[in-house]
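Could you work out the structure for the sequence below:
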Amino acid sequence: MQNKIKKTNVKIIKQSIKSEQYDEFYFHSEDGIGESDYVFIDSNNLKNRFKLSNKFTIAELGFGTGLNFLNVWKLWVKEKNNKAILNYISFEKQPLRRNQLNKILKKFNVLDDFTNLLLSKLPLRTTGIHEIFFHKGNVNLTLIYDDFNYIQKLNFEADTWFLDGFSPSKNENAWSLELMKQVYKKTKINGSFSTFTSSINVQNNLKSVGFEIFKKKGFKEKREMIFGF
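Numbering: from 1, shown residues only. Modelled structure (predicted):
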């Protein structure tokens, strides 16, 4: 049985959007696309991997505003093989409303074509799995509006993981050892992950489940971030 999800309270500040519950921005307040490129696209070498793949699966913890999805979708259309398929699986416990997404995403003009398509097919804010297909780029978007632990119920393997929940200090459950075990279990051989955080606890959890961890300079003012395989 699907349940309607309660209102998600946010505050829009400049070019970003802030969760009132977690007291944290969804993305960098000055350069959301730049952050998405640096932390997720570049760190997972997606531009080159897209060119070599006929079927690619990205899984994400934290759909948020959908900015990562839109940014990836744009790159996929540009770089993919002719008949290649992109599967994008994203988990979000507290999805934003259409008017909230429209207000913030319209600030990113370079994504307008993709934003309009996403908003036109955005599902109802009810718990469960929502499947959406976009002919532009041959893209399957699977939105799971539920707790991240719902991952245990699904059967898939990702080429790449975007770990993009709110920071460990604000949302500890998004980085738990049990959840990271599921992430590793559902990663293909030679698959990758990246995240904006360099939390020691997160590093330890990822290492303990089997990932090899690497660190690099964080985006803009952030000191470090991690990625791995």
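
from here on, contacts and neighbour counts on C-alpha atoms
Fine.

so what's residue 115 scoring on pLDDT?
According to the prediction, residue 115 has pLDDT 98.

Do a quick rundown of the strands in this structure.
Listed in chain order, the strands of the chain (DSSP state E) span residues 10-13, 16-19, 24-25, 55-61, 85-91, 128-134, 139-145, 158-163, 187-195, 213-217, 224-228.

Under the pLDDT cut-off, which ranges of this protein? List them.
1, 14-15 (pLDDT under 70).

Go ahead and flag the most central residue of this structure.
The central residue of the chain, meaning the one whose C-alpha is nearest the mean C-alpha position (CA atoms, centre = their mean), is residue 60 at 3.8 Å.

contacting residues around that one?
Contact criterion CA atoms under 8 Å, 6 or more residues apart in numbering gives 88-91, 161-164 as the residues in contact with residue 60.

swap the cut-off to 6 Å and go again
Counting by CA atoms under 6 Å, 6 or more residues apart in numbering, residue 60 touches 90, 161-163.

Can you check those and name whichever has the most neighbours?
residue 161 (29 neighbours; other CA atoms under 10 Å).

picking up where we left off before, looking at the contacts of residue 60, spot the one nearest residue 190.
When those are ranked by distance to residue 190 (CA to CA), residue 161 comes first, at 11.9 Å.

Grab the nearest non-local neighbour of that closest one.
Nearest residue to residue 161, sequence neighbours excluded (CA to CA, 6 or more residues apart in numbering): residue 193, at 4.4 Å.

That neighbour: neighbour count?
Residue crowding around residue 193 was assessed by other CA under 10 Å; the count is 28.

can I assume it is in contact with residue 214?
No. Here residue 193 does not reach residue 214: they are 10.3 Å apart, not a contact under CA atoms under 6 Å.

Can you check which residues contact both of these two?
Shared contacts of residue 193 and residue 214, defined by CA under 6 Å, 6+ apart, comprise 227-228.

Give me the buried positions along the longest helix seen in the chain.
Secondary structure of the chain read by DSSP state H shows that its longest helix is helix 67-79. Within helix 67-79, the residues that qualify as buried are 67-77, 79, counting by 16 or more other CA atoms under 10 Å.

what's the answer for stretch 184-191, then?
By neighbour count with 16+ other CA under 10 Å, stretch 184-191 contains the buried residues 184-187, 191.

Quick check: of these, which lies closest to residue 37?
Of all the buried residues of stretch 184-191, the one with the least separation from residue 37 (CA to CA) is residue 191, at 18.3 Å.

Can you tell me which of the strands of the chain is most buried?
Highest mean neighbour count of the strands of the chain: strand 158-163, a mean of 25 (counted as mean count of other CA atoms under 10 Å).
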